[in-house]
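Engineer: sequence first, predicted model second:
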Amino acid sequence: MLSNSHKILVVDDEMLWLELIELHLRDSGYKIVTASHGQQALDILHADPCGFDLVILDKFMDGLDGMDVLRQIKADPNLKVLPVILETADTAPEKILEGIRAGAYYYLTKPFSAEQLRAVIQNALNQHHGVQLARKELLNMKDTLHLAEEIIFAFRSREQARTIVALLSSACLLTMVQEMGLFELMLNAVEHGNLGIGYDEKTQLISENRLDQEIDRRLQLHEYAEKTAIVKFRRCGRSLIFSISDEGKGFDWRPYLDMQIERINDNHGRGIAMANSLAFTHLSYRGIGNSVEATIVLHE
């Protein structure tokens, strides 16, 4: 589990929301810095590009709005890996996808509770920390993978999945959205597929900040200890094809292929929709739902 000694920039042009977020996080241990408009937020980040661990950004602001700020963050080489939580009152699925496409993989729908806020923050920080560790492990391995036409990895844990995704991303020159989409599919193979963690159960575990411990516990149990997920990558003409399978009981994937308004405020559950809508050209589940093929068609 990560410590809470993280520095968070909160950006909103309504003082009420800035004060409410500070109140919700008062006893969390986070160091909170606030900005009341988009340009102020960018000035703060540019003055200390390595000083922040997370940005909470209101989507609709006067002047430079949240989407403009988000795009500038993701276009800056010194800031683009910084995780951004977008807060909005607009729950239309196409608007959520717009934010994800621009680089905001975490959402808060106004109004939100202190519990929802803390859960999304912890999830974003945990994911970002794991990605950074995986990238460090990548440095000594990436050069040879650029030549690979086909490769198979077996994985059991989220940490292994992150490392594999970092390797494949480097070898295939994936965009951040494609990298995140691949990770979400592999994460589903571990958590839901092999370890049998259901949707409602995961919601509860995240809200109680116990997901890491539960995953570690199940990985040690006899019934799960031998289960392995597989990701197979192959190049086929101008297509990059990723096939992911697990040893679980499968699931009905159809309700998760598109953004659903009723799940917008959930602390997870958007990964497959993001992968389907933004990350891959084609996404196809097979059989009982424990196998999926994701294809990226490269353009000239």
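Structural biologist: On my side now, so go ahead. Residues are numbered from 1 along each chain as shown.

Engineer: buried ones in stretch 201-219?
Structural biologist: 202-203, 205-207, 211, 214-215, 218-219 (16 or more other CB atoms under 10 Å). Where C-beta positions appear, they are placed from N, C-alpha and C, glycine not excepted.

Engineer: of those, closest to residue 158?
Structural biologist: Nearest to residue 158 among these is residue 215, at 6.7 Å by CB to CB.

Engineer: next SSE downstream of the host helix or strand of the closest one?
Structural biologist: Here residue 215 sits within helix 211-220, counting by DSSP states H and E. The helix or strand immediately downstream of helix 211-220 is helix 222-225, counting by DSSP H and E.

Engineer: go ahead and name everything in contact with that following helix.
Structural biologist: Under the contact criterion CB atoms under 8 Å, 6 or more residues apart in numbering, helix 222-225 has outside partners 194-196, 218-219.

Engineer: before we move on, back to that, among the buried residues of stretch 201-219, which two are most distant?
Structural biologist: The span of the buried residues of stretch 201-219, defined through CB to CB, is set by 207 and 219 at 21.5 Å.

Engineer: just to revisit the earlier point, okay, who's weakest in the buried residues of stretch 201-219 by pLDDT?
Structural biologist: Scanning those for pLDDT, the low point is residue 207. It has 84.

Engineer: ok, now how distant is it from residue 49?
Structural biologist: As judged by CB to CB, to the nearest Å, residue 207 and residue 49 stand 32 Å apart.

Engineer: again with residue 294
Structural biologist: In this view, residue 294 and residue 49 are 33 Å apart by CB to CB.

Engineer: how does this structure divide up, domain by domain?
Structural biologist: The chain breaks down into these domains under automatic domain parsing: 7-125, 139-297.

Engineer: which strands and helices lie in contact with the helix holding residue 215?
Structural biologist: Applying 3 or more CB pairs under 8 Å, 6 or more residues apart in numbering; DSSP states H and E, one finds that helix 211-220 contacts helix 199-207.

Engineer: fine by me, thanks again.
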